[in-house]
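Visitor: Return a 3D structure for these sequence lines:
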Amino acid sequence: MERVSQQASTLRIYQRLVRADRSGQDPSQQLATARNGMRQVLANTLQAIGDQVVNAKTVLPWLFASLGVPAVLIGFLVPIRESGSMLPQAALTRWIRRLRQRRMAWVGGAAGQAAASALMAFAAATLSGTAAGALILLALAIFALSRSLCSLAGKDVMGDTVPKGERGQITGISTALSGALAVTLGLAIRLRGGEDVSPLVLATLLAAAALAWVLAAAVYAGVREPGRPAVEADDDGAPGWVQASWQLLRDDRPFRHFVLARTLLLVSALSPPFVVALAAGVGGVGLGGLGPFVIAQGLASLIGGKPFGTLADRSSRKLMTWGAGIASATVVLFLVALAVPGLGGQWWLYPAVYLLLVLVHTAVRVARKTYVVDMAEGDQRTVYVAVANTIMGVLLLAIGALSGALAALGAEIALGFLALLGLLGVLVSRSLPEVSRR
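Guide: A predicted model of the protein is given here:
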């Protein structure tokens, strides 16, 4: 009787959180969807909480500053974090496709992220200078590789356990919940951080992030996937993953356009670090200065998570298009503000712009994740996710290196280049086919 009551409660909570047309589902399907959906919401929320701490755009640069890590190592944080989680995915695809229970790949990835976060905490608490920076970068590489498993398997599991029209909302709810906790964290750092940078405080946060991933792995292990037929491990005669990836990109026009659009959407991903760098020159890098940016990151997730998830379920294509346009406009207006005498010296300007950019990036992330899940079915979805992310890993390194080189001439020049990419992204995103509506 108690079990029946718990099931009814789970179904009631899920259906209040996630709005959808369920006329085609029988009660058993609705219950299975609710059970799986709630576990994915909770696991993704725990993972997103950890992401707010292991953040290559805010917390980790502040940690490097507190440990006296050379500036040249700071420049590797974002490329390792972002590209490292994308590059291996095409190579991992065949292994993932052989798994009958693909949630276990997600669980393994969460465990790897927990171990990497704990290693970062150890380095922050015991080392300094180049040694600390090198060990944290090594841990970040392990973290990123583990994240690639979660990224690849998570979208596949969601596609198999949650119907269209509900997937974007699940991603959005998880994002909003993690945002609320990030705001709390940012306020605590702002109020108690002061002008000094404390490595031990950040090491404690990293240890807490490791615990969040352990809990996420335990929750996600309870997801129930539909049965899959066994897949033969013998790939003799099949093209290698590099050749297969190239063939897909060459022959599948809608997929090729999606990859191009996603590349041009990098304006919202790569602009925030330059805003933070400009802010450091105005307000300093004391631990208290980190707070507003963590708060901004959390507010973006809290404000945008669920609404953007709903919009993505209606049209992820339109959400990507609007995201690229708004991000580019924000960057252009920020550059204009910097040119106004006296305004560029106002420290509040930088967290405000950062908030707008990460809010737009929240929309773009939810939209592109929903788009790639909706544009294919079954194993083809796994291939799309893997190849798109691997190609994006390469392009991210290339564009990141180019924007970094332009930043040597001034962060403003790099921001102008990224704004131009976003405007081109608007044009390409508008030409994508509609896939989210049922």
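Visitor: my read: Ile173 touches Val18, true?
Guide: Yes. Counting by CB atoms under 8 Å, Ile173 touches Val18, with 7.4 Å between them. Every residue, glycine included, has its C-beta placed from N, CA and C.
Visitor: Now do the buried residues in stretch 215-226.
Guide: Leu215, Ala216, Ala217, Val219, Tyr220, Val223, Glu225 (16 or more other CB atoms under 10 Å).
Visitor: Actually, stretch 59-73.
Guide: Val59, Leu60, Pro61, Trp62, Leu63, Phe64, Ala65, Ser66, Leu67, Val69, Leu73.
Visitor: can those residues go into JSON lines with extra columns for distance to Gly129?
Guide: Converted to JSON lines, those look like this (distance: CB to CB, whole Å):
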{"residue": "Val59", "distance to Gly129": "19"}
{"residue": "Leu60", "distance to Gly129": "16"}
{"residue": "Pro61", "distance to Gly129": "16"}
{"residue": "Trp62", "distance to Gly129": "16"}
{"residue": "Leu63", "distance to Gly129": "13"}
{"residue": "Phe64", "distance to Gly129": "10"}
{"residue": "Ala65", "distance to Gly129": "12"}
{"residue": "Ser66", "distance to Gly129": "11"}
{"residue": "Leu67", "distance to Gly129": "7"}
{"residue": "Val69", "distance to Gly129": "7"}
{"residue": "Leu73", "distance to Gly129": "10"}
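Visitor: Next step: these restricted to helices.
Guide: Using DSSP state H, the subset of these located in helices is Val59, Leu60, Pro61, Trp62, Leu63, Phe64, Ala65, Ser66, Leu67, Leu73.
Visitor: end to end, how far does stretch 120-140 reach?
Guide: 8 Å (CA to CA, to the nearest Å).
Visitor: contacting residues around that stretch?
Guide: Stretch 120-140 is contacted from outside by 54, 56, 60, 63-64, 67-70, 73-74, 76-77, 80-81, 84, 116-117, 119, 143, 199-200, 202-204, 206-207, 210, using CB atoms under 8 Å, 6 or more residues apart in numbering.
Visitor: Now render the buried residues of stretch 215-226 as TSV, adding secondary structure, pLDDT and distance to Ser178.
Guide: Shown next, in TSV, are the buried residues of stretch 215-226 (DSSP: H, G, I helix; E, B strand; the rest coil; pLDDT from 0 to 100; distance: CB to CB, whole Å):
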residue	secondary structure	pLDDT	distance to Ser178
Leu215	helix	96	13
Ala216	helix	96	11
Ala217	helix	96	16
Val219	helix	96	14
Tyr220	helix	96	15
Val223	coil	93	19
Glu225	coil	85	24
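Visitor: farthest-separated two in those?
Guide: Greatest spacing in those, by CB to CB: Leu215 and Glu225 (20.5 Å).
Visitor: Could I get the pLDDT score of Leu421?
Guide: Per-residue pLDDT puts Leu421 at 89.
Visitor: same thing with Ala401?
Guide: The model's pLDDT for Ala401 equals 75.
Visitor: Tell me how many other residues surround it.
Guide: 12 (other CB atoms under 10 Å).
Visitor: check contacts around it.
Guide: Applying CB under 8 Å, 6+ apart, the residues near Ala401 are Pro79.
Visitor: let's number from 10 now, not from 1
Guide: Let's use 10 as the start, then, which means that last one is Ala410.
Visitor: if I look at Arg156, how far off is Pro301?
Guide: 26 Å (CB to CB, to the nearest Å).
Visitor: And for Asn45?
Guide: 37 Å.
Visitor: again with Gly195
Guide: Taking CB to CB, one finds Gly195 at 7 Å from Pro301.
Visitor: what do you get for Gly413?
Guide: 24 Å.
Visitor: Between those two, which is the more surrounded one?
Guide: Legend: neighbour count by other CB under 10 Å for Gly413 and Pro301, higher for Pro301 (23 against 16).
Visitor: So the more buried one sits against Ile198, correct?
Guide: No. At 9.1 Å, Pro301 and Ile198 do not qualify as touching, with contact defined as CB under 8 Å.
Visitor: Name the residues contacting each of those two.
Guide: Common neighbours of Pro301 and Ile198 (CB under 8 Å, 6+ apart) do not exist.
Visitor: thinking again about what came up before, want to try JSON lines for the ones in helices among the buried residues of stretch 68-82, with pLDDT and distance to Leu320 as columns?
Guide: Listed next are these as JSON lines, based on pLDDT from 0 to 100; distance: CB to CB, whole Å:
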{"residue": "Val68", "pLDDT": "84", "distance to Leu320": "29"}
{"residue": "Leu69", "pLDDT": "87", "distance to Leu320": "31"}
{"residue": "Pro70", "pLDDT": "79", "distance to Leu320": "31"}
{"residue": "Trp71", "pLDDT": "76", "distance to Leu320": "33"}
{"residue": "Leu72", "pLDDT": "84", "distance to Leu320": "35"}
{"residue": "Phe73", "pLDDT": "83", "distance to Leu320": "36"}
{"residue": "Ala74", "pLDDT": "74", "distance to Leu320": "37"}
{"residue": "Ser75", "pLDDT": "77", "distance to Leu320": "39"}
{"residue": "Leu76", "pLDDT": "86", "distance to Leu320": "41"}
{"residue": "Leu82", "pLDDT": "76", "distance to Leu320": "39"}
